[in-house]
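**Student:** how would this look folded up:
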Amino acid sequence: MEDKLFLDDIAEKAKSMDDASLERIIKTNREDFREGVYDIYINEYEARGKKYNEIEIEKIKKSKNNAEEYYYNWVKAGYLFAFLGGLLGVIIAFYIKPKKNEENTDGVKYRRKQFLIIIMISVIMTIFVWPFIKVLIKLLVI
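**Tutor:** This next block holds a predicted model:
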């Protein structure tokens, strides 16, 4: 009985959504939803006269995963260069920074967070740590 009420609630929610929100939900993984919920979204999408093409949806998911993996490698490089010197880390951080018009997905949230961390590390290393290390080296050499 509770599941039926839950699914009815989801069906009402799906009917009240705009097309873009419904498409965004359909592009997520079926496994992320309780049994029957994903099908409700698909049925509502098709009831609006839209075509659900599972192959096309899978292509979109794969391209998103490839993009996230691509940026993940840039994040690693950003950390490396942030610790080594700073300026190149800042440049890479601005490269991985999400654009304002990108959807607010987990990958975009991850990149935004990493952008801020890399910038902070770069600034701290450039302003405080490396001058201190230079002074230590001069003291040890003398």
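**Student:** my guess is residue 112 contacts residue 97, does it?
**Tutor:** Yes - in this structure residue 112 lies within contact range of residue 97 using C-beta atoms under 8 Å: 7.1 Å. (C-beta placed from N, C-alpha, C; glycine too.)
**Student:** What residue spans form the domains of this structure?
**Tutor:** Domain assignment for the chain by automatic domain parsing gives 2-52, 63-141.
**Student:** Out of these, which gets the lowest mean score?
**Tutor:** With a mean of 75, domain 2-52 has the lowest mean pLDDT of those.
**Student:** Let's have the domains of the chain in a markdown table, adding mean neighbour count.
**Tutor:** Below are the domains of the chain laid out as a markdown table (neighbours: other C-beta atoms under 10 Å):
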| stretch | mean neighbour count |
| --- | --- |
| domain 2-52 | 13 |
| domain 63-141 | 14 |
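**Student:** Could you check how far the closest residue to residue 115 other than its chain neighbours is from residue 83?
**Tutor:** In this structure, residue 115 finds its nearest non-sequential neighbour in residue 97, 4.4 Å apart by C-beta to C-beta, 6 or more residues apart in numbering. The gap separating residue 97 from residue 83 is 19 Å, by C-beta to C-beta, to the nearest Å.
**Student:** what about the helix or strand hosting residue 8, distance to the chain center?
**Tutor:** Assessed by DSSP states H and E, residue 8 sits inside helix 2-16. Here the centre of helix 2-16 is set off from its chain's centre by 28 Å, with C-alpha atoms, centre = their mean, to the nearest Å.
**Student:** Just give me the residue right at the centre of the chain.
**Tutor:** residue 107 (0.9 Å; C-alpha atoms, centre = their mean).
**Student:** Let me know whether that residue touches residue 71 as I believe.
**Tutor:** Yes - if you go by C-beta under 8 Å, residue 107 and residue 71 touch, sitting 7.0 Å apart.
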